[in-house]
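Visitor: got a predicted structure plus its sequence, pasted below:
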Amino acid sequence: MNCKYCQSENVIKYGKYKGVQRYFCKDCKRKFAGIDTIPKMQYPTDQVGRPDIENFEVAMKRDGRNKGIFVGFSFSGEAEKEVRRIEREEGLEIDLVLVSDIVEKQLNGRMK
């Protein structure tokens, strides 16, 4: 494993956070998740808006990610428009996932 910031090989495992393995670079002193980890955001609010999507886009670019998953209870029309703009203009892929869809899939899987 190389550091995703300075590409150093002087990297050690640094525990797990929410089930995701974390690493620490002894050279640049930065912590990071594995390079194949998809960023996720969860908001316990009623509706995710455009500013939330814009912040997520910035985080994806900062981490060098092309794909991300945004989990929310609901998404405003402006948030959905912003995702389409980002996909069209920036070439990033953001999947909007509703909490209700996750719960429904889990329940359906248990009832079979």
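Guide: Happy to help now that I have it. Here the structure is a predicted model, which means the values were calculated and not measured. Numbering: from 1, shown residues only.

Visitor: F75 and K4, how far apart?
Guide: From F75 across to K4, the span is 29 Å (Cβ to Cβ, to the nearest Å). The C-beta positions use only the backbone N, C-alpha and C, and glycine is treated the same way.

Visitor: so which of the two has more stuff around it?
Guide: Shown here are F75 and K4; by other Cβ atoms under 10 Å, F75 has more neighbours (20 against 17).

Visitor: quick check: phi and psi on Q21?
Guide: Per-residue torsions, Q21: phi -60, psi 130 (degrees, to the nearest 10).

Visitor: neighbours of the closest residue to it other than its chain neighbours, how many?
Guide: Spatial nearest neighbour of Q21, excluding adjacent residues (Cβ to Cβ, 6 or more residues apart in numbering): G34 at 5.6 Å. By other Cβ under 10 Å, 11 other residues sit near G34.

Visitor: repeat that for I94.
Guide: 23.

Visitor: go on, C3?
Guide: 20.

Visitor: what about it, which helix or strand?
Guide: Using DSSP states H and E, C3 sits within no helix or strand.

Visitor: quick one on the thing from earlier: if I look at the residue nearest to Q21, how far off is A79?
Guide: In terms of Cβ to Cβ, G34 sits 28 Å off from A79.
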